[in-house]
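Asks: Sequence below, structure please.
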Amino acid sequence: MKHHPIKTVREYPFWMKAAVTLGGLSLLFVIMSYGKFILMPLAFAAFLSMLLNPIVNKLESWKLGRAFSIILTILLVLVVFAGIISLISAQFVQFSERIPEVTERLKDTTADGIRFLEETVGLSQEQRTNYLQQGLTNVIDSSGAYISSFLGATTSAFTLMSLLPIFIFFMLYYKEMYQTFFRKLFEQRDGESQIDEVLLDVQEVTQNYLVGMLTVIGILAVLNTTGLLLIGMEHAIFFGVFASLLAVIPYIGIIIGALPPLLFAFLLGDSLLQPVLVIAVFGAVQFLEGNFISPRIVGSKVSINPFMAMLALIIGGEVWGISGMILFVPLIGILRVIFEEIDELKPYGYLLGNRIEY
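Replies: I've put the predicted structure just below:
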């Protein structure tokens, strides 16, 4: 009787798998840190391309041609973006007229605080002067670094804005080529149908997330502005829209957006009641956004658990700054969708998700 050899699957020890995984993650972190000048605009372009793809498909169905449809879609987005920037700029010009008054009140408040510390702690005039000189020296020493960072961020923003339309155009124009590339890359391993399903899921999740986030931002702008108008807050439109735009940074965006109106109300308000009302308005909006608005509009398919979202915010901020804080949370959500479609990676998809199973 002829015996056939039995194929054995070689199992690698856990320590080797862990070492390879750790080395791969470290290499990925280095690549993303040093390659952010090209990876960051590519990530933004990929998100926006998936968002604009239905519009391009609709224009193509009208026999306008792919290139013309893409250009027309990008021009439409630029017009809408320019309108939003104009609205915010007009509101900011009105607000900037009060900046000198805010500065003077801040100086007076600081002086009152120093006098309070002198009376409470017992600081002498000489000690107060030394502390003030030391603080001014630190500010002057660090101002150069802040100015350099600001100029670098401004240059990066302009570079990103100039590259985005080009990247979006080519990603939409050659979209079938990229889909075919993934089919050819994984067809022997997973089968073409599964790859198509994963690609469709990623595109659907991304579109739902981006459209949902834009809808949430619009609703938050209305709620913030309405609440600030009801309590008699000056420049309510500017503060409300500004805070809603920061909602693209999950969990902490609304908190950061609430600080400028809170400081403004504290320094220029008639009483301490208005800062309390500002906190109440943003607290109520935060409660509605976290418990009713985002779960119903954005949906749960892209949701990840808060701990993973916090890690994504920290790592994204460290790697790509504010852009990383905006991009990494939806990227983790997309990874969760991909992991749940692949049997070997389903445990990692479960770990990233927000559903507890025992």
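
Asks: what stretches of the protein score poorly on pLDDT?
Replies: Scanning the chain for pLDDT under 70 picks out 1-11, 95, 98-99, 101-102, 105-119, 121-160, 187-193, 269, 298-303, 356-358.

Asks: Show me the helices in it, by range?
Replies: Using DSSP state H, the helices found in the chain span residues 14-34, 36-61, 66-96, 99-121, 125-173, 175-190, 192-230, 236-245, 253-268, 273-288, 294-297, 306-320, 322-341, 346-352.

Asks: Kindly reformat the ones you listed as JSON lines containing mean neighbour count.
Replies: Just so you know, the C-beta spots here come from the backbone N, C-alpha and C atoms, and that holds for glycine as well. Listed next are those as JSON lines, based on neighbours: other C-beta atoms under 10 Å:
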{"stretch": "helix 14-34", "mean neighbour count": "11"}
{"stretch": "helix 36-61", "mean neighbour count": "17"}
{"stretch": "helix 66-96", "mean neighbour count": "14"}
{"stretch": "helix 99-121", "mean neighbour count": "11"}
{"stretch": "helix 125-173", "mean neighbour count": "12"}
{"stretch": "helix 175-190", "mean neighbour count": "12"}
{"stretch": "helix 192-230", "mean neighbour count": "17"}
{"stretch": "helix 236-245", "mean neighbour count": "23"}
{"stretch": "helix 253-268", "mean neighbour count": "19"}
{"stretch": "helix 273-288", "mean neighbour count": "17"}
{"stretch": "helix 294-297", "mean neighbour count": "15"}
{"stretch": "helix 306-320", "mean neighbour count": "17"}
{"stretch": "helix 322-341", "mean neighbour count": "20"}
{"stretch": "helix 346-352", "mean neighbour count": "15"}
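
Asks: Now do the same contact list for the nearest residue to T225 once chain neighbours are set aside.
Replies: In space, and not counting its chain neighbours, T225 is closest to G240: 3.3 Å by C-beta to C-beta, 6 or more residues apart in numbering. Counting by C-beta atoms under 8 Å, 6 or more residues apart in numbering, G240 touches 221-228.

Asks: between the residues you listed, which is nearest L164?
Replies: Among the contacts of G240, A221 lies closest to L164 (C-beta to C-beta), at 23.2 Å.

Asks: pretty sure the closest one is touching A247, no?
Replies: No - using C-beta atoms under 8 Å, A221 is not in contact with A247; the gap is 9.1 Å.
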